[in-house]
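Trainee: Have a look at this prediction, sequence included:
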Amino acid sequence: MFFRKAQHLTLYFIKKFYSVLVVLVIWDLAARLPWVNQYVFPPSSKIVIFWFSFVQSGEALISATLTTLRALAGLSLAIFAGISLGLVMGKYRTVDWFFRPLISIGFPVPKIALLPLFIHWFGVFNQGKIAMIFVDCFFPIVIYTYHGVKGVNMEIIWSALSKGVKGKRLMWKVLLPHAMPQIYDGIQLGIVISLLIAFVSEMVSGGGGLGHLMISSFRYMDTLKAFAALITIAIIGYVFTKVGLLIRNKLLFWHIEE
Amino acid sequence: MKKISPFGGLSKTALLYLSPLAIVFALWQLSSTTGILPKSVFPSFFSVLRALWDLIITGEIFPHMLASFYRSFTGLIIAVVLGVSLGICMARIVSVHNFFDPILVLIYPIPKPAIIPLFMIWLGIGDFSKISVIALGCAVPIVISSYNAARGVDVKLVWSALSKGTSPKKILWRVIIPASLPQIGASVRVSLAVSFIILISSELISSAKGLGFLTFSYGSLGSEDYMIAVVFFLAATGFLADLLYVFLLKRILSWHEFGGT
């Protein structure tokens, strides 16, 4: 019984992911051709085997934890500040008037270019990177929250007002819950951005972490370790988005999304 | 008769829109001159403006600008051509979808700037590796949204075209592609912003030319007024590119009503 189930599952995975296998096999064979330099282009089987030993080493665990914690710290600050500003902007017109141009002009600027300034202010280690991640995640969360609040059905607001709910109570009890699905879209975007910025800022300015590990192993031409770091960050990104989706469906059970 | 005022509707809203910016800049300059914000921490607004003027007048910024634009636009155009065709093929042909879908799922969560060193080793440190990374990073969202757009075309449109005698072969060009263009256009706008981000990070990691290189070299020299001036320039060009794109998109797809801005 169990054997049969396992067989079904493997067949299903092979059917679904056969193209990945095809690509990996072609890669492996191509890398083993005599005129290919394996330092530059290592075979895929070697990368996968190396990755397992890499995960078991302490170095990987330390770097991955460092990157993840930085991303989470910046992201949670951005979530807190972004939702607050977005809500207030959606509720009060003067705040909206003041911040809307600043946000909409600041949003498309590639803020990673300001990294040297952040290093100058906060240093090479955690604080500078967390500040950079915060700034980058802040803008999309504000924009999504703002649009979520603005998109709340007027009839709901009117009926709340007619029942005597207004001011802060309206904001917490009516606007925030109704804007929640949109806010969560902004947070999902923020999750991806936070990991990206954490990785890039570590690549550019060092200070430990997966990004630093990857760029330094490239400099020593240790391509296998660089690939292992890349695979690790991709898996972390995948897990982050999946967990984010899981939390969303638990939290917003009335608004399930695939 | 319509009343014509010197400050017409547009300029009045523009003034109202831009005044917060002016307030922020004024506060910035004020706190610099009074010494609340020391020059060693953050340069004053006027010194940034002077640096920007200097960069433009001496023409120092333009070769860097051209190098950056060449990279990001070439990458974006490659991404649009490949991404849209792959997305629509995936929507129309099941086997293509089955082949590429898991690969996309695997590529999607990788932070694209992380691939830059890899491409540098494979394709050299010149423009080619940067353009390839930009093309890859921009193509992924375009593929996904053009797939969704082509899948989401209203079946009634297809049926009514068929009943009016459009041959099944022409359905693709006559119905599917025009109907999915607005959504594809919106995704290209996102990719335009993405291309700038990947461009800057790839130039931070390795280059000898380009706006990202210029900001980083001024930043490591400690002349922050010039660095912020380059970022201002970058923001302005990105903003103008976005404005131009939206204008052209609305012109080309004049039959479609876009919501918001």
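Mentor: Arrived safely, thanks for sending.
Trainee: rest of the way, CA atoms for contacts and neighbours
Mentor: Noted.
Trainee: Name the residues of chain A found near chain B, please.
Mentor: A:16-20, A:40-41, A:97-99, A:101-102, A:105-106, A:108-110, A:112-114, A:116-117, A:121, A:192, A:195-196, A:199-200, A:203-204, A:211, A:215, A:218, A:230-231, A:233-235, A:237-238 (Cα under 8 Å from any Cα of the partner chain).
Trainee: try 6 Å this time
Mentor: A:F17, A:S19, A:F98, A:V109, A:P110, A:P116, A:L196, A:V204, A:A234, A:G237, A:Y238 (Cα under 6 Å from any Cα of the partner chain).
Trainee: Buried subset of these as a PyMOL selection?
Mentor: To isolate the buried members of the residues of chain A next to chain B in PyMOL, using 16 or more other Cα atoms under 10 Å in any protein chain shown:
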select buried, chain A and resi 17+19+98+109+110+116+196+204+234+237+238
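Trainee: In helices only, show me the residues of chain A next to chain B.
Mentor: Residues from the residues of chain A next to chain B lying in helices, with DSSP state H as the criterion: A:F17, A:S19, A:F98, A:P116, A:L196, A:V204, A:A234, A:G237, A:Y238.
Trainee: Could you dump the residues you listed into a markdown table and include pLDDT?
Mentor: What follows is those, written out as a markdown table (pLDDT from 0 to 100):
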| residue | pLDDT |
| --- | --- |
| A:F17 | 79 |
| A:S19 | 83 |
| A:F98 | 88 |
| A:P116 | 81 |
| A:L196 | 87 |
| A:V204 | 82 |
| A:A234 | 86 |
| A:G237 | 87 |
| A:Y238 | 86 |
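Trainee: farthest pair in these?
Mentor: A:S19 and A:F98 (51.4 Å; Cα to Cα).
Trainee: and B:V158, what element?
Mentor: Secondary structure assigned from DSSP states H and E places B:V158 in helix B:155-163.
Trainee: Show me which positions of that helix end up buried.
Mentor: Quick answer for helix B:155-163 (16+ other Cα under 10 Å): B:V158, B:A161.
Trainee: what's the answer for stretch A:20-33, then?
Mentor: In stretch A:20-33, counting by 16+ other Cα under 10 Å, buried: A:V20, A:W27, A:D28, A:A30, A:A31, A:R32.
Trainee: contacting residues for the closest residue to chain B within chain A?
Mentor: Proximity of chain A to chain B (Cα to the nearest Cα) peaks at A:A234, 4.5 Å away. Applying Cα atoms under 6 Å, 6 or more residues apart in numbering or on different chains, we find A:A234 in contact with B:P109, B:I110.
Trainee: Quick one: classify B:P168 as helix, strand or coil.
Mentor: At B:P168 the chain is in coil, as set by DSSP: H, G, I helix; E, B strand; the rest coil.
Trainee: Can you report how many residues lie near it?
Mentor: 11 (other Cα atoms under 10 Å in any protein chain shown).
Trainee: go on, A:W172?
Mentor: Quick note: A:W172 (other Cα under 10 Å) scores 13 neighbours.
Trainee: what does the one 3 residues further on give?
Mentor: The number of residues packed near A:L175 is 23, by other Cα under 10 Å.
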